[in-house]
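Trainee: Sequence plus the predicted model coming up.
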Amino acid sequence: MSVRSAICLALLLPLALPAFTHPALAGPAAGPACYAPAALAAKPGEEIVRPRAGGPVTLPDMATPTLPPVPAALRGSIRRVDLPAGEKLVALTFDLCEASAEISGYDGALVDYLRAENVAATFFSGGKWLMSHAERGDQLTADHAFEMGNHTWSHANLTVRTGEAMRRQVDDADVALALRRTQVQAKGCMLPAAPAQGTGGAALFRFPYGSCSAESLNYVNDTGHLAIQWDVDSGDPAFIGARGMADDMLRAIRPGSIVLMHANGRGKHTAEALKILIPALRAKGYRFATVSQLLAAGRPVIADACYSLKPGDTRVYDDAARTGKRILPTQ
């Protein structure tokens, strides 16, 4: 299968109108109007991560337009956003990773709560996850309160993965994102087609494990993707507990923060933590924005290398990838 290096933003991201004023978010029936509430609701067991069986996942051979390279002022690893004085915005982001040997879950309780509370969010989805969770991927893509970003095809470590194998991780996830949007349009979900504000016409991308090489960071930027990392890590794959996790995030979040969480069944007690975190942030005067909205509101803080919370802290993941050690064991 041959694909071009990137995909136009019109196929990847919904229009980033301020979620706190968007008419689609008014009232209790938040969520894409083309789906019945029962179809959107969480289903028991969806969050469970399972071993994968069967042959390779196939993608259509879609020709995709090329985005212009990211301009110099936005190249690098975006950590957070400096906002004007008095502006209190925060971007909650959720990774939907799925490694080659597994079928990850879908934390429907988490998504249900975001919709019920009219909270904007950004989901960074693996291409393989979008193919194994096609209906849920369509629902997220159709939701005007959410935006979707690229999280590689199968959560490969792009410090260790190089050359064509690295490029396919980026390109194939773009194709999966395009396929989901095409399916949503075919179902009659009237998605806006204008580029998201704040991105300068670029798509959004997140490096697995927060780790990148100079080669992969340049490729991501050269193919028109902003590299979106974070300055607050929820730690939700660990068994911290909802209260401890929410308290840790509350201490770390400041205006312009980008918060890392998971919605693929890897997060432990994430939905419960949100039920503490979101009301507490609102009580402090915070509003919730997609990453694109956050970028449009201020000046991004950019590093020239990738890391989780401090330079060098992703080395454990890089070493594990080189030796074949599994980082995300199935449940």
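Mentor: Right, received. Where do you want to start? Numbers count the residues shown, from 1 in each chain.
Trainee: and T152, what does it touch?
Mentor: If a contact means C-beta atoms under 8 Å, 6 or more residues apart in numbering, then T152 has G126, G127, L158, Q169, V170, A173, F207, P208 as its contacts. Where C-beta positions appear, they are placed from N, C-alpha and C, glycine not excepted.
Trainee: swap the cut-off to 10 Å and go again
Mentor: The contact partners of T152, by C-beta atoms under 10 Å, 6 or more residues apart in numbering, come to 97-98, 124-128, 158, 161, 166, 168-173, 205-208, 216, 220.
Trainee: Let's verify the nearest residue to it once chain neighbours are set aside: helix, strand, or coil?
Mentor: Nearest residue to T152, sequence neighbours excluded (C-beta to C-beta, 6 or more residues apart in numbering): Q169, at 4.2 Å. Following DSSP: H, G, I helix; E, B strand; the rest coil, Q169 is assigned to helix.
Trainee: now M245
Mentor: helix.
Trainee: correct me, but it touches G235?
Mentor: Yes. With contacts counted by C-beta atoms under 10 Å, M245 reaches G235, the gap being 6.3 Å.
Trainee: Same drill for those two, tell me which one is more crowded.
Mentor: Remark: of M245 and G235, M245 carries more neighbours, 25 against 17, as counted by other C-beta atoms under 10 Å.
Trainee: Would you check that G201 makes contact with V70?
Mentor: Yes. With contact defined as C-beta under 10 Å, G201 reaches V70; the gap is 9.2 Å.
Trainee: Compare those two (neighbour count), which wins?
Mentor: V70 (24 against 14).
Trainee: right, and the more buried one touches I228 too?
Mentor: No. Using C-beta under 10 Å, V70 is not in contact with I228, being 11.5 Å away.
Trainee: Residues that sit against both of those two, list them.
Mentor: By C-beta under 10 Å, 6+ apart, the residues touching both V70 and I228 are T199, F205.
Trainee: pLDDT wise, what is M190 at?
Mentor: Looking at M190, its pLDDT reads 68.
Trainee: now the helices for the stretch 151-300 of the chain?
Mentor: Applying DSSP state H, counting those that start in this stretch to the stretch 151-300 of the chain gives helices spanning 163-186, 214-222, 242-252, 270-283, 291-297.
Trainee: Relative to V111, which of these is closest?
Mentor: helix 270-283 (8.6 Å; C-beta to C-beta).
Trainee: Just the pLDDT for L260.
Mentor: pLDDT, L260: 98.
Trainee: Quick check, it in contact with M245.
Mentor: No. The criterion here is C-beta under 10 Å, and L260 misses it with M245 at 11.6 Å.
Trainee: shared neighbours, those two?
Mentor: S234, G235, D236, G267.
Trainee: farthest pair in these?
Mentor: Spatially, the most separated pair among these is G235 and G267, at 9.4 Å (C-beta to C-beta).
Trainee: Between the two, which contacts overlap?
Mentor: The contact lists of G235 and G267 share M245, L260, M261, A273, where a contact means C-beta under 10 Å, 6+ apart.
Trainee: what's the overlap in contacts for G201 and V70?
Mentor: G224.
Trainee: ok, and the closest non-adjacent residue to D233?
Mentor: L260 (4.9 Å).
Trainee: what is that neighbour paired to in the beta sheet?
Mentor: T93, D233 (DSSP bridges).
Trainee: List the contacts of it.
Mentor: 92-95, 124, 206, 210, 228-236, 249, 267, 308-309.
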